[in-house]
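Q: Okay, sequence plus prediction incoming.
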Amino acid sequence: MINKSSPVVAVILAVCILSSVAIAGRHIRLYASVLASDVPGASMGGSSLGAGLWVSDDTARTWRQLGWKHVKCYSVDVDLRSNGTIIYLGCGNGVMKSTDAGTTWKVMTDHRIAEVMDIRIDPADVKRIYIATPKGIWRSIDGGLKWSEASEGLRERYVSRLAFDARNTGFIYATTEAGLFRSTTQGDSWEYYQIADQTSYRGFSMDPNIDIVVVGDSGVIHHENRKSIREPDIYGDIWATDIFRRDVIIGSSKGGWIIDNDLNVEPIPSAPRNIHDMSEFSKILMLATLGEGVWRYTLSDYTAVAKPAGLENAQVWTVRAYPIIDE
């Protein structure tokens, strides 16, 4: 019998909500981590220069800023069981945490930690937090109160992204300047996970069938179960990837593309340049760009065009979607 109160099942049920934009008292909240605005003195829905955390509760029609202004924000993760109440930010000044849905914030790290490129909550234990930095990985096991290095085997490598294995949340992947690494010990140690020749990886995705795709500098695309692709003249530097119905989606310095099972490549019509991150929900793909804000694309209609979706001129490092239960 399935224990519906178990932590893993609770997270799975929450994630399933992402299959619809709005279901009987639920909606999707978008979070955009913004480094800065490319236009001096520009405002985005307010009087600030735009850096920090921005959220939208109407699928990117409008945005509002949460918390500190002018703080360089790289990444965000939300405790799914808190209904948007507990939020962690990876920032230039370390890790910040809110326990009241973004009204107030506290810096959770000291001088040892800065430039947090990515932050991830363990879906099996929400007190366990992992962060990626230019000098390796750090971990907290008490909700961010204390932090310790968790980089054995990485040797202070530049780590850009973190992701949990869809089959086993005890397995964690890290994209680095020297390839893809994996930990099977909850971050106690890391080993090189070879998909193809060692290269600098920046983006990571994993689909329900446990296909792994990693992308990186100079047009590199490596797929665990398919042929690798390297087209630097076409793609440029690739920073983001997703998998939709077995198609691989990539975002790069030169735009966005969809690659099917037969390796046929189609550009995303009107896609912006410098796509740094992407997040999918209910067949909608949100694109985070460095300098052109957030864009929206309908995955179920490949004849659709990508359209601007707010935060114009912003350098958006990440965009992520989480289910919220309306109260």
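A: Yep, it's here. Numbers count the residues shown, from 1 in each chain.

Q: Find out how far stretch 175-185 is from the centre of the chain, if you would.
A: 16 Å (C-alpha atoms, centre = their mean, to the nearest Å).

Q: What are the buried residues along it?
A: 175-177, 179-183 (16 or more other C-beta atoms under 10 Å). Where C-beta positions appear, they are placed from N, C-alpha and C, glycine not excepted.

Q: would JSON lines of those residues with secondary structure, pLDDT and distance to Gly136 be doable?
A: Supplementary listing: the buried residues of stretch 175-185 in JSON lines, determined by DSSP: H, G, I helix; E, B strand; the rest coil; pLDDT from 0 to 100; distance: C-beta to C-beta, whole Å:
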{"residue": "Thr175", "secondary structure": "strand", "pLDDT": "92", "distance to Gly136": "13"}
{"residue": "Thr176", "secondary structure": "strand", "pLDDT": "92", "distance to Gly136": "9"}
{"residue": "Glu177", "secondary structure": "coil", "pLDDT": "88", "distance to Gly136": "11"}
{"residue": "Gly179", "secondary structure": "strand", "pLDDT": "87", "distance to Gly136": "15"}
{"residue": "Leu180", "secondary structure": "strand", "pLDDT": "89", "distance to Gly136": "15"}
{"residue": "Phe181", "secondary structure": "strand", "pLDDT": "93", "distance to Gly136": "10"}
{"residue": "Arg182", "secondary structure": "strand", "pLDDT": "93", "distance to Gly136": "15"}
{"residue": "Ser183", "secondary structure": "strand", "pLDDT": "95", "distance to Gly136": "12"}
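
Q: okay, among those residues, which ones form the most distant pair?
A: Glu177 and Ser183 (17.2 Å; C-beta to C-beta).

Q: re the thing from before, could I get the buried residues of stretch 175-185 as JSON lines with distance to Thr59?
A: Shown next, in JSON lines, are the buried residues of stretch 175-185 (distance: C-beta to C-beta, whole Å):
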{"residue": "Thr175", "distance to Thr59": "28"}
{"residue": "Thr176", "distance to Thr59": "33"}
{"residue": "Glu177", "distance to Thr59": "35"}
{"residue": "Gly179", "distance to Thr59": "36"}
{"residue": "Leu180", "distance to Thr59": "32"}
{"residue": "Phe181", "distance to Thr59": "35"}
{"residue": "Arg182", "distance to Thr59": "34"}
{"residue": "Ser183", "distance to Thr59": "35"}
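
Q: mind listing the helices for this protein?
A: 7-16, 232-235 (DSSP state H).

Q: Now do the buried residues in the shortest one.
A: Within helix 232-235, the residues that qualify as buried by neighbour count (16+ other C-beta under 10 Å) are Tyr235.

Q: Also stretch 127-139?
A: So for stretch 127-139, counting by 16+ other C-beta under 10 Å, buried means 128-133, 135-139.

Q: Including pLDDT and distance to Asp207, could these go into JSON lines?
A: Compiled in JSON lines, the buried residues of stretch 127-139 are given as follows (pLDDT from 0 to 100; distance: C-beta to C-beta, whole Å):
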{"residue": "Arg128", "pLDDT": "96", "distance to Asp207": "24"}
{"residue": "Ile129", "pLDDT": "97", "distance to Asp207": "25"}
{"residue": "Tyr130", "pLDDT": "97", "distance to Asp207": "22"}
{"residue": "Ile131", "pLDDT": "98", "distance to Asp207": "25"}
{"residue": "Ala132", "pLDDT": "96", "distance to Asp207": "22"}
{"residue": "Thr133", "pLDDT": "96", "distance to Asp207": "27"}
{"residue": "Lys135", "pLDDT": "92", "distance to Asp207": "31"}
{"residue": "Gly136", "pLDDT": "94", "distance to Asp207": "28"}
{"residue": "Ile137", "pLDDT": "96", "distance to Asp207": "24"}
{"residue": "Trp138", "pLDDT": "97", "distance to Asp207": "28"}
{"residue": "Arg139", "pLDDT": "97", "distance to Asp207": "26"}
